[in-house]
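Trainee: I'd like to go over a predicted model; first the sequence, then the structure.
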Amino acid sequence: MKVIEKYNDSQHNPSWKYQLGPDVYEVKDTPLRVEAIKKSLQADQQFEFLTAKPFPERLITRLHPYHDYIKNTALSLQNDEQEFYPDLFPGEGAHCKKRSDSPLWGGIWCTDAVTPIKRKTYEVARASAETALTGAELIRDGHEKTVYALCRPSGHHAGPRVFGGYCYFNNVAVAAEYLLPEGKVAIVDIDYHHGNGTQEFFDNIKSVFTASIHGDPDDEYPYFWGYADEKGQGQARGTNHNEPLPKGTQLAQYSKALARILDKVRKFKPAYLIISAGFDTHETDPIGGFKLRTEDYFAIGKQFQSMGIPTLVCQEGGYNIDVLGECVKNFLLGLSYHKCC
Ligand SMILES: [Zn+2]
């Protein structure tokens, strides 16, 4: 299986930390995550690494009105250590000027104050989108049946209006738009957190089916999206499906919910499948609440394999770096599993 990567993303290392009573909250998205995944996959000869290609900026700008804001803010920083956190949010009813010429306007374009911009953030986020695009091109041209794009930063919380949740550009949305001229696309998000950005991108578009299986947003980020009654809008009604699950969910319950999603995907008959693959569903993940074990990801990958659709996997979350690499590897091995003889 081809693994697409771009280059060292070590310069995008947010340092946000916040102490509330005895609890310390901090950004868990470190460059060590990519290193852990690479180490696991490189130890197995089934995986062949390819460097992502450059793609025109317009493939990203056409989806992200805040593209220039992120780029300009990154360019305005003086050194690699400095980081800017959007911290002024206009709220509903304000006279919003959609400007991107100063870091000040971050609250218009970003949902939270935990998604900082550093000097290299634009470059790294763009490379992450290009990683997904390179994978999309390989499956579009029929060269590969299944490709894994080792994206970082993640993308699924970045939407058509705002970015946030450690995400800048929506990698799977960029890949889906790229594939759409060739046929319908289904996107299934298995990160612990609902893929709100992805859902919003395609909420009105009936040629893209979106689904997400995640921790119940009553208790978990992103809180304001991810409920079972969100089914798509207008003509696209019926092309979104959410499976919010309770804390403590184990494989048996998880697999049943995933089977309901895959059943709907089959009925939708997409030409391509994109998986937003997060592994913060692992029982030891510091911010997830499910109880999936390392070996469970092989079974989950196999459930997808049974679909037989050209598939692009894009990396999203997963924050226990001691198990992340093995979880990704097990998932990809399940996904490319062939029964012999
Ligand atoms: Zn997540």
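Mentor: Sure, I can see it. Numbers count the residues shown, from 1 in each chain.
Trainee: What parts of the chain come near the ion?
Mentor: Taking C-beta under 5 Å from the ion as the measure of proximity, the chain contacts the ion at Asp191, Tyr192, His193, Gly278, Asp280, Gly317. Every residue, glycine included, has its C-beta placed from N, CA and C.
Trainee: and those as a markdown table, adding secondary structure?
Mentor: Output for the residues of the chain next to the ion, formatted as a markdown table (DSSP: H, G, I helix; E, B strand; the rest coil):
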| residue | secondary structure |
| --- | --- |
| Asp191 | coil |
| Tyr192 | coil |
| His193 | coil |
| Gly278 | coil |
| Asp280 | coil |
| Gly317 | coil |
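Trainee: Return the helix or strand in this protein with minimum mean pLDDT.
Mentor: Ranking every helix and strand in the chain by mean pLDDT, DSSP states H and E puts strand 17-20 at the bottom, with a mean of 67.
Trainee: The helix or strand just after that one packs against which elements?
Mentor: As assigned by DSSP states H and E, the chain's next helix or strand after strand 17-20 is strand 23-26. Judged by 3 or more C-beta pairs under 8 Å, 6 or more residues apart in numbering; DSSP states H and E, the packing partners of strand 23-26 are strand 17-20.
Trainee: all strands for this structure, in order.
Mentor: 2-5, 17-20, 23-26, 48-51, 83-84, 117-118, 146-149, 185-189, 208-215, 240-245, 272-277, 311-315 (DSSP state E).
Trainee: tell me which residues in the first one are buried?
Mentor: Think strand 2-5. Lys2, Val3, Ile4, Glu5 (16 or more other C-beta atoms under 10 Å).
Trainee: hmm, back to that, what about the strands of the chain, which gets the closest to Arg126?
Mentor: strand 117-118 (12.8 Å; C-beta to C-beta).
Trainee: in terms of contact, does Leu180 touch Phe209 like I think?
Mentor: No - counting by C-beta atoms under 8 Å, Leu180 stays clear of Phe209, with 12.0 Å between them.
Trainee: any chance of the strands of the chain in JSON lines, with distance to Leu75 too?
Mentor: Converted to JSON lines, the strands of the chain look like this (distance: least, C-beta to C-beta, whole Å):
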{"stretch": "strand 2-5", "distance to Leu75": "25"}
{"stretch": "strand 17-20", "distance to Leu75": "26"}
{"stretch": "strand 23-26", "distance to Leu75": "26"}
{"stretch": "strand 48-51", "distance to Leu75": "25"}
{"stretch": "strand 83-84", "distance to Leu75": "11"}
{"stretch": "strand 117-118", "distance to Leu75": "10"}
{"stretch": "strand 146-149", "distance to Leu75": "26"}
{"stretch": "strand 185-189", "distance to Leu75": "31"}
{"stretch": "strand 208-215", "distance to Leu75": "33"}
{"stretch": "strand 240-245", "distance to Leu75": "36"}
{"stretch": "strand 272-277", "distance to Leu75": "29"}
{"stretch": "strand 311-315", "distance to Leu75": "26"}
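Trainee: Burial check on the residue in the chain positioned nearest to the ion, number of neighbours?
Mentor: Closest to the ion within the chain is Gly317: 3.1 Å, counting by C-beta to the ion. Counted with other C-beta atoms under 10 Å, the neighbours of Gly317 add up to 27.
Trainee: Find the nearest non-adjacent residue to it, please.
Mentor: Gly278 (3.7 Å; C-beta to C-beta, 6 or more residues apart in numbering).
Trainee: Provide a list of residues in contact with that neighbour.
Mentor: Ser154, His156, Asp189, Ile190, Asp191, Tyr192, His193, Gln315, Glu316, Gly317, Gly318 (C-beta atoms under 8 Å, 6 or more residues apart in numbering).
Trainee: of these, buried ones?
Mentor: Buried among the contacts of Gly278 by 16+ other C-beta under 10 Å: Ser154, His156, Asp189, Ile190, Asp191, Tyr192, His193, Gln315, Glu316, Gly317, Gly318.
Trainee: dump the residue contacts of the last one.
Mentor: Gly318 makes contact with Arg33, Gly278, Phe279, Asp280, His282, Asp285, Leu324, Cys327, Val328 under the criterion C-beta under 8 Å, 6+ apart.
Trainee: try the fifth one
Mentor: Contacts of Asp191 were listed using C-beta under 8 Å, 6+ apart, and they are Ser154, His156, Ser212, His214, Ser276, Ala277, Gly278, Asp280, Thr281, Glu316, Gly317.
Trainee: Does the fifth one touch Gly195 like I think?
Mentor: The reference is to Ser276. Yes - in this structure, Ser276 is within contact of Gly195 by C-beta under 8 Å, at 5.4 Å.
Trainee: Which one of the two is surrounded by more residues?
Mentor: Using other C-beta under 10 Å as the criterion, Ser276 and Gly195 rank with Gly195 on top: 36 against 28.
Trainee: Now the terminal residues of stretch 280-295, how far apart.
Mentor: Start-to-end span of stretch 280-295 (C-alpha to C-alpha, to the nearest Å) is 14 Å.
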